[in-house]
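1. here is a sequence together with a model predicted from it:
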Amino acid sequence: MRERIRIWGDSLLKGVVFDELRNRYTILKDNCISKLKGMLPFPVENYSRMGCTAAQALDLVKNEPLTGGGLALIEFGGNDCDMDWPAVAANPKADHQPKTPPARFAAQLEDLVARTRAAGMEPMLAVPTPLFAPRYFNWVTRGLDSAAVLAFLGDVQRIYRWQELYAFAALRTAAALNCSILDLRTPFLERKHYENLLCIDGIHPNADGHALMLETIKTALC
């Protein structure tokens, strides 16, 4: 039996949602990890942070002594794949790069796996939930020249395909390093209208999305 779970991730596992009534991001009280904590007989330590990238997680891991066993759940990609949308809108013909290019992202996941293993933990790589391209495009282009951003993308669905590259990177890395996988993406895609599980921004899961993630996590841990 695992004696504890430590989680390094971004807003997905932090439990961030967009509250339309208050018009701001907030933490869902009954998010998937807070609910999980109440179900398990051992500690669940959540180091997830909104906006966190794999590189930032590496800095945290390097600066904090890691000891003991248990599970290390590693979930990134949503921020790593993101673009500087104002810069894209201002100059759509430029060669804009994401916060973390795909090859560097995979290398950083490998480093996180190696460091947690060296500390005696069992690494598990998470495949992030999918975004819903039309809604996410509308969200990131608020106040921007959306036509210019679309010219850069070529089509709205390229946002979905680009994010999916990072999901594939997590899967390939897990397979190459023989570590377990938490596939949060497939259960969403199996739904006919998975967009109903996402907030107005098209990327953060809502309360129903967190309920589905909780069931997925429980199944993966059993």
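-> Cool, the structure landed.
2. got a list of contacts for the worst-scoring helix or strand of the chain on mean pLDDT?
-> Lowest by mean pLDDT, DSSP states H and E among the helices and strands of the chain is helix 54-63, with a mean of 91. Outside of helix 54-63, the residues within contact range by C-beta atoms under 8 Å, 6 or more residues apart in numbering are 8-9, 47, 49, 74, 76-77, 80, 100, 104-105, 108-109, 111-112, 115-116. (Each C-beta comes from the backbone N, C-alpha and C, glycine too.)
3. taking those residues one by one, which sit in helices?
-> Here DSSP state H is the test, and the contacts of helix 54-63 give 104-105, 108-109, 111-112, 115-116 as lying in helices.
4. give me the buried entries from those residues.
-> In terms of neighbour count (16 or more other C-beta atoms under 10 Å), the buried residues within these are 105, 108-109, 111-112, 115-116.
5. just checking, what packs against the lengthiest strand in the chain?
-> Across the chain, the longest stretch assigned as strand under DSSP state E is strand 122-127. Packing partners of strand 122-127 (3 or more C-beta pairs under 8 Å, 6 or more residues apart in numbering; DSSP states H and E): strand 71-74, helix 102-118, helix 158-177, strand 180-183.
6. with distance to residue 220 and pLDDT added, can I get the ones in helices among the contacts of helix 54-63 in CSV?
-> Listed next are these as CSV, based on distance: C-beta to C-beta, whole Å; pLDDT from 0 to 100:
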residue, distance to residue 220, pLDDT
104, 27, 97
105, 22, 98
108, 22, 98
109, 17, 98
111, 23, 97
112, 18, 97
115, 22, 94
116, 17, 94
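7. any chance of a markdown table for those residues, columns distance to residue 160?
-> Shown next, in a markdown table, are the ones in helices among the contacts of helix 54-63 (distance: C-beta to C-beta, whole Å):
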| residue | distance to residue 160 |
| --- | --- |
| 104 | 21 |
| 105 | 17 |
| 108 | 22 |
| 109 | 21 |
| 111 | 27 |
| 112 | 25 |
| 115 | 31 |
| 116 | 30 |
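8. and the residues you listed, which is closest to residue 180?
-> Lowest distance from residue 180 to the ones in helices among the contacts of helix 54-63 (C-beta to C-beta) belongs to residue 116, with 12.0 Å.
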